[in-house]
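Engineer: Let me see the structure of the following:
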Amino acid sequence: MDRRELADFLRSRRERSTPAAAGLPAGRRRRTPGLRREEVAQLAFISTEYYARLEQARAPRPSREVLAGLARALRLTDAERDHLHHLAGEPPAPAAGPSRLVRPSILDLITRLPQAAATVISASFEVIAWNDLAAALMEDFAAVPRRERNLVRRAFLGPDLYGVSDADHFARTAAHRLRATAARYPADPELADLIGELLAGSELFRTLWASHDVTDSFVLTKTFHHPLAGPITLNCDVLDIADRDQRLVIYTATPGSPSAEALHLLSALGTQPPPSPAPSPAAPPAPAPPAPALARIGR
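Structural biologist: This is a model prediction of the structure:
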């Protein structure tokens, strides 16, 4: 625990805060910038005396509960919260599971790529955001259950991986990367269930999992075999979104290529299913058989 650095950091964050941001009245006689010590203590659910000792570098090590209260009271960012934990000699607890929350700026970015198919993939290989062209290229993700949007599940258990040319390479790389993900989120029950399902349902996954490999490699070009547009060869670029443990995957075609024309076609078609064939003309109805004669019943 670095008491002096912790004290200076807390004081700087308190002076940066404002009563309005904390939901407190400003008052008329406020002689200190930012919040008062007693206000921070009140918001963090700790005593004013203990908080004062923290800022004076005289307090014992705060617990995780106290640190969480301070981070909430001072409205710390994720990076500041982690820094607070490290200064207190209490490393931050790992996140419960892979984040599925995509930053608004990333969502805005992928909608501004009309000539590229773009998806955002979570650390557990779930497609958590996509643009219209990605939906046309692969499938309408909004129309399928969430579990079917998990690419590693599709790679090992089906139904398919959108006819992509490197399905085998993707499966092997995904298994290795998933093991590293499991180490980062050991307490996530959803991730544990996914791994258990893959172990039970795929001999290949069991073999890859038993290797304990965590290597990661990329294929820079993929070919999708689309049911309407045929084979489409695309450049594949993967960008890390480090603060969310996510990846942005962007597929683009070489300008002027047949694949670029195919992407343009898919952009026009969207996610509408192909039209059903027109029914054949109905045959004229067969003439009705003559009604049977009624037997006369004599008296």
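
Engineer: Now the helix or strand where residue 119 lies - C-alpha only, PDB.
Structural biologist: Using DSSP states H and E, residue 119 sits within strand 117-121. C-alpha atoms of strand 117-121 as PDB (Å, rounded to 0.1, in the frame of the first residue of the first chain):
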ATOM      1  CA  ALA A 117     -19.200  -5.900 -43.400                       C
ATOM      2  CA  ALA A 118     -18.400  -5.300 -39.700                       C
ATOM      3  CA  THR A 119     -19.100  -7.200 -36.500                       C
ATOM      4  CA  VAL A 120     -18.000  -6.800 -32.900                       C
ATOM      5  CA  ILE A 121     -17.100 -10.100 -31.100                       C
END
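
Engineer: In it, which residues are buried?
Structural biologist: For strand 117-121, a neighbour-count test (16 or more other C-beta atoms under 10 Å) marks 117-121 as buried. In short, each C-beta sits where N, CA and C put it, glycine included.

Engineer: and if you look at stretch 163-178?
Structural biologist: Those would be 164-166, 170-178, for stretch 163-178 by 16+ other C-beta under 10 Å.

Engineer: tell me the SS of the closest residue to residue 120 other than its chain neighbours?
Structural biologist: Excluding its sequence neighbours, the residue lying closest to residue 120 (C-beta to C-beta, 6 or more residues apart in numbering) is residue 129, at 3.9 Å. Three-state assignment for residue 129 (DSSP: H, G, I helix; E, B strand; the rest coil): strand.

Engineer: coming back round to it: looking at the buried residues of strand 117-121, spot the one nearest residue 221.
Structural biologist: residue 117 (13.9 Å; C-beta to C-beta).

Engineer: which ones are touching that closest one?
Structural biologist: 131, 133-134, 136-138, 234, 250-252, 263 (C-beta atoms under 8 Å, 6 or more residues apart in numbering).

Engineer: if you look at those, which of them are in helices?
Structural biologist: 133-134, 136-137, 263 (DSSP state H).

Engineer: Tell me if I'm right that the residue nearest to residue 120 and residue 107 touch.
Structural biologist: Yes: under the criterion of C-beta atoms under 8 Å, residue 129 makes contact with residue 107 at 5.9 Å.

Engineer: And those two? Which one has more around it.
Structural biologist: residue 129 (22 against 14; other C-beta atoms under 10 Å).

Engineer: tell me the contacts of the more buried one?
Structural biologist: Here residue 129 is in contact with 102, 106-107, 110, 119-120 (criterion: C-beta under 8 Å, 6+ apart).

Engineer: Serialize these to JSON lines and add fields for distance to residue 240 and pLDDT.
Structural biologist: Converted to JSON lines, the contacts of residue 129 look like this (distance: C-beta to C-beta, whole Å; pLDDT from 0 to 100):
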{"residue": "102", "distance to residue 240": "14", "pLDDT": "91"}
{"residue": "106", "distance to residue 240": "12", "pLDDT": "93"}
{"residue": "107", "distance to residue 240": "17", "pLDDT": "93"}
{"residue": "110", "distance to residue 240": "15", "pLDDT": "95"}
{"residue": "119", "distance to residue 240": "14", "pLDDT": "97"}
{"residue": "120", "distance to residue 240": "11", "pLDDT": "97"}
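
Engineer: Any chance of these in CSV with distance to residue 56 as columns?
Structural biologist: CSV is the format used below for the contacts of residue 129 (distance: C-beta to C-beta, whole Å):
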residue, distance to residue 56
102, 42
106, 42
107, 45
110, 49
119, 51
120, 45
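
Engineer: so which of those residues comes closest to residue 50?
Structural biologist: Among these, and counting by C-beta to C-beta, the member closest to residue 50 is residue 102, at 38.6 Å.

Engineer: so how far is residue 106 from the residue lying closest to that closest one once chain neighbours are set aside?
Structural biologist: Sequence neighbours aside, residue 129 is the residue nearest to residue 102 in space, at 4.5 Å (criterion: C-beta to C-beta, 6+ apart). According to C-beta to C-beta, to the nearest Å, residue 129 and residue 106 sit 7 Å apart.

Engineer: Same question for residue 13.
Structural biologist: 27 Å.
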